[in-house]
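1. Quick one: sequence and predicted model below, then my questions.
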Amino acid sequence: MTEPLLELRGLHKSFGGLTVTDDVSLELRQGEIHALIGPNGAGKTTLIHQISGTLAPDAGQIVFAGEDVTRLSLAQRARRGLARSFQITSLLPGFSALENVALAVQARSGSSFRFFRPALHEAALNDQAMAALTEVGLERRAALPAAALSHGEKRQLELAVALAMQPRLLLLDEPLAGTGAEEAERLMRILGELRGRYGILLIEHDMPAVFALADRISVLAQGKVIASGTKDEIRADPVVRDAYLGDEEAA
Ligand SMILES: Nc1ncnc2c1ncn2[C@@H]1O[C@H](COP(=O)(O)OP(=O)(O)OP(=O)(O)O)[C@@H](O)[C@H]1O
């Protein structure tokens with residue numbers, strides 16, 4: 001079997017007396033969409049913070065593509081291909097969709113464009129940015145200011161910004177939040193099309209979306225992984241049903 005893209009080994013994190021990550025171990029395979037579900041306050045976002053590097057675990061290891069990244073900074077992890085999706089609030093509203101993505105391309109490439117003449121530099125940035133916009137179906141909205149995009153399109157743009165970092169793993173924290181039915185459907189289709197090319201760790205409260213998209217699911221409750229497996233295994237797990245899924249949601 002190929003090595004996992006991401007492996008968490010015995011992670012612990014407490015805030016004062018509150019244990020929020022309690023001996024969490026899980027594996028995310030190359031190219032899979034792995035959903036992390038659990039009730040409010042289960043510790044999902046805190047776990048994503050530890051994986052991306054904004055929060056240090058108290059104990060345990062984070063192994064990414066075979067390398068222990070537990071002590072690396074957010075920027076060092078990003079350079080290795082670990083990308084957290086940006087929130088709408090980090091988009092620059094007055095800049096075009098293309099410019100928002102081009103800035104991310106530039107941040108990723110650092111000095112690697114310095115050999116180009118300025119015009120070529122800009123063309124190379126824009127080409128890469130356009131490719132990311134195309135991946136999320138926003139190519140025809142490239143020239144519009146981010147502020148003029150609908151809520152769903154802004155979420156697509158966040159995704160394009162993350163893809164511009166050329167990630168191997170995308171950490172997505174509630175990408176469907178606040179979207180209408182049609183927008184959610186479009187985003188789900190886009191995420192489904194990313195399957196296989198990127199590993200995706202998906203936190204999402206919309207259970208039909210999770211069960212439609214995920215290859216595997218891990219369930220977190222009070223900081224512990226109480227189950228991890230395929231959709232069928234999770235659906236059939238009585239502990240999960242008791243702790244979290246209503247019969248209706250898992251149907
Ligand atoms: N910086 C912090 N200091 C203290 N407590 C925190 C901090 N961050 C999170 N918590 C607490 O940790 C617990 C887990 O929070 P977290 O946001 O990770 O849960 P979650 O599963 O993402 O929840 P939700 O689904 O509501 O977003 C909560 O009880 C929260 O209040």
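-> Received the coordinates, thanks. Numbering: from 1, shown residues only.
2. what sits against the residue nearest the centre of the chain?
-> The centroid of the chain falls nearest to Leu171 when counting by C-alpha atoms, centre = their mean (2.0 Å). Going by C-beta atoms under 8 Å, 6 or more residues apart in numbering, Leu171 touches Ile48, Ile51, Ser52, Leu82, Ala83, Arg84, Ser85, Leu201. (Each C-beta comes from the backbone N, C-alpha and C, glycine too.)
3. repeat that for 6 Å
-> Going by C-beta atoms under 6 Å, 6 or more residues apart in numbering, Leu171 touches Ile48, Ser52, Arg84, Leu201.
4. I'd say the second one and Arg84 touch.
-> The one in question is Ser52. Yes. Ser52 is in contact with Arg84 according to C-beta atoms under 6 Å; the separation is 4.2 Å.
5. Which one's more surrounded, the two?
-> Of the pair Ser52 and Arg84, Arg84 is the one with more neighbours under other C-beta atoms under 10 Å, namely 23 against 20.
6. Distance of the more buried one relative to Gln50?
-> Distance of Arg84 to Gln50, given as C-beta to C-beta, to the nearest Å: 11 Å.
7. again with Leu194
-> Going from Leu194 to Gln50 by C-beta to C-beta gives 23 Å.
8. between these two, who's got more neighbours?
-> Neighbours per residue, other C-beta under 10 Å: of Leu194 and Gln50, the larger number sits with Gln50, 24 against 18.
9. residue contacts, the more buried one?
-> Contacts of Gln50 (C-beta under 6 Å, 6+ apart): Pro57.
10. how does it look with 7 Å?
-> For Gln50, the contact set (C-beta atoms under 7 Å, 6 or more residues apart in numbering) comprises Leu11, Lys13, Thr21, Pro57, Ile62.
11. most surrounded residue in those residues?
-> Within those, Thr21 tops the neighbour count with 27 neighbours, counted by other C-beta under 10 Å.
12. where's the spatially closest residue to it that is not a sequence neighbour, which helix or strand?
-> Distances taken as C-beta to C-beta, 6 or more residues apart in numbering place Lys13 nearest to Thr21, at 3.8 Å, with adjacent residues excluded. Assigned by DSSP states H and E, Lys13 belongs to strand 6-15.
13. Say whether the ligand is contacted by that strand.
-> Yes. Contact of strand 6-15 with the ligand (C-beta under 6 Å from any ligand atom) involves Phe15.
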